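[1] Below is the sequence, then the predicted model.
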Amino acid sequence: MRFLVLGGTAWLGGQVATAALARGHEVSCLARGTSGSPPDGAALVRADRDDAEAYDLVGRTDWDVVVDVARQPGHVRRATEALHDRCGRYVFVSSLNVYADHATPGADESAALLPPLGGDVMENMETYGEAKVACEQHVLGAFGQDRVLVARAGLIGGPGDVSGRTGYWPLRLARPASGDGQVLVPDIGDHATQVLDVRDLAAWLVDAGASGTAGAFNATGETVPFAAHLDAARTVADHHGALVTAPEDWLTEHDVQPWMGPRSLPLWLPEPEYAGFADRDNSAARAAGLTLRPLEETLADVLEWELAEGADRSRGAGLTRAEEGELLEDYAQEQPRDPRRRSTAP
């Protein structure tokens, strides 16, 4: 089959192109080419999706499947206008951020969505969810429900995760900031986490697109309690030190942020408002062929990638070694009678 990947030179798009090539499909990638090159065997069509004529060349060709990972509604609107008569199936990667409520664990695809962004341009990440809703609507309006797969992705992880969210814990546990192996963690042991390996997502997008699967799906990993996620990360990192579990309010008072960004602790989400963000029902996607590898495999592979990239490089999420060292000292000094360290004894 003929696949057109709108992107294909960055992380997820590149994995989609790789998966399609591995299955014997013919693959072209439309991209500026500034993020890198497409995988060997894929053709690169250089274009800037901000340009009105970006789709002129690919709009003269018939495609079996188009895969789009865009976040800007204008990019998606122009693509669907140019390709709706040239494409059999349109696969759009959306996000769980489209949902209006993130407080309900186990919610499925019938949950209410945010209102769509009114314009073509998402000015900042504060309207990311609304922008993705608008993108979904452009795709459905152009192709109809029977020709569209919408994958509402949760946290995507694995090798190549430059956000740092899935690599932080195995890397920190493999390279503790303290000499005695202590690692600072939020005291959220029973909070849910969901990590979807980028390779599993890419494989499913290709296979579902090729088979004509249609509909909206929550594309997420298995729901795993934070404590169990840490146990898996400790195993792949061969960590034997103590976990210093600091209460959420203490972390907030010391300017530690949840989820992502500088001076943060990944996978920590405030509850109750985000109790369901990492606990979405993925049963529909699994019934439609989404296959998930073990979490330990994803964490082991992202740890190998992190170490190859450089353990002390600037990262998009987490604490630096210096920041964590200072916080561990502060916590020990402020709470000498209740260090709240979880034993590492078997």
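    Received the coordinates, thanks. Because the structure is predicted, anything quoted here is derived from the model rather than measured. Numbers count the residues shown, from 1 in each chain.
[2] Give the helix, strand or coil label for residue 195.
    Recorded secondary structure, residue 195: strand (DSSP: H, G, I helix; E, B strand; the rest coil).
[3] Name all residues that make contact with it.
    Applying CB atoms under 8 Å, 6 or more residues apart in numbering to residue 195 gives the contacts 154-157, 166, 221, 224, 229, 295, 298. For glycine as for every other residue, the C-beta is placed from the backbone atoms N, C-alpha and C.
[4] Let's see if you can find the most crowded of those.
    Within the contacts of residue 195, most neighbours by other CB atoms under 10 Å means residue 166, with 33 neighbours.
[5] Test my guess that that one contacts residue 299.
    Yes - between residue 166 and residue 299 there is a contact at 7.4 Å, judged by CB atoms under 8 Å.
[6] What segments of the stretch 151-300 of the chain are strands?
    In the stretch 151-300 of the chain, the strands defined using DSSP state E, counting those that start in this stretch lie at 155-157, 183-186, 192-197, 215-219, 223-225, 243-246, 257-258, 261-262, 264-265.
[7] Identify whichever of these lies nearest to residue 89.
    Closest approach to residue 89 among the strands of the stretch 151-300 of the chain (CB to CB): strand 215-219, 11.9 Å.
[8] Give the other helices and strands that that closest one contacts.
    strand 148-153, helix 283-287 (3 or more CB pairs under 8 Å, 6 or more residues apart in numbering; DSSP states H and E).
[9] Test my guess that residue 143 contacts residue 84.
    Yes - using CB under 8 Å, residue 143 is in contact with residue 84, at 5.8 Å.
[10] Show me which helix or strand of the chain is least confident by mean pLDDT.
    strand 341-342 (a mean of 48; mean pLDDT, DSSP states H and E).
[11] What average pLDDT does stretch 18-35 get?
    The average pLDDT for stretch 18-35 rounds to 94.
[12] Please list the outside residues in contact with that stretch.
    1-10, 13, 17, 38-39, 41-49, 54-55, 58, 199, 202-203, 205-207, 210.
[13] how about a cut-off of 7 Å?
    Contacts to stretch 18-35, defined as CB atoms under 7 Å, 6 or more residues apart in numbering, come from residues 1-10, 13, 17, 38-39, 41-48, 58, 202-203, 206.
[14] What count of nearby residues applies to residue 210?
    18.
[15] How about residue 52?
    8.
[16] tell me which element it falls in.
    Take DSSP states H and E as the rule and residue 52 turns out to sit in neither a helix nor a strand.
[17] tell me the phi and psi of it?
    phi -60, psi -30 (degrees, to the nearest 10).
[18] can you tell me how far it sits from residue 75?
    12 Å (CB to CB, to the nearest Å).
[19] Also residue 28?
    Counting by CB to CB - residue 28 and residue 75 are separated by 17 Å.
[20] Same question for residue 281.
    29 Å.
[21] Check residue 161 too.
    From residue 161 to residue 75 the distance is 23 Å (CB to CB).
[22] hey, what's the closest residue to residue 208 other than its chain neighbours bridged with?
    In space, residue 208 comes closest to residue 149 once its chain neighbours are excluded; the distance is 5.5 Å by CB to CB, 6 or more residues apart in numbering. Counting by DSSP bridges, residue 149 forms beta bridges with residue 91, residue 215.
[23] Residue 149 - how many residues pack around it?
    So residue 149, with other CB under 10 Å, has 26 neighbours.
[24] Next, the contact list for it, please.
    91, 208-209, 213-215 are the contacts of residue 149 under CB under 7 Å, 6+ apart.
[25] Output those in JSON lines; the columns should cover distance to residue 112.
    As requested, the contacts of residue 149 are exported to JSON lines (distance: CB to CB, whole Å):
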{"residue": "91", "distance to residue 112": "24"}
{"residue": "208", "distance to residue 112": "25"}
{"residue": "209", "distance to residue 112": "27"}
{"residue": "213", "distance to residue 112": "24"}
{"residue": "214", "distance to residue 112": "21"}
{"residue": "215", "distance to residue 112": "17"}
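[26] Among those residues, which one has the most neighbours?
    Among the contacts of residue 149, residue 91 has the most neighbours (other CB under 10 Å), with 28 neighbours.
[27] quick one: low-confidence ranges for the protein?
    336-346 (pLDDT under 70).
[28] okay, now the domains of it?
    Domain ranges of the chain: 2-153, 158-194+224-278+294-342, per automatic domain parsing.
[29] Would you mind measuring from residue 170 to residue 334?
    28 Å.
[30] Looking at those two, which is more packed in?
    residue 170 (28 against 12).
[31] residues contacting the residue nearest to the more buried one when sequence neighbours are not counted?
    Nearest residue to residue 170, sequence neighbours excluded (CB to CB, 6+ apart): residue 303, at 4.0 Å. Counting by CB under 7 Å, 6+ apart, residue 303 touches 167, 170-171, 174, 236-237.
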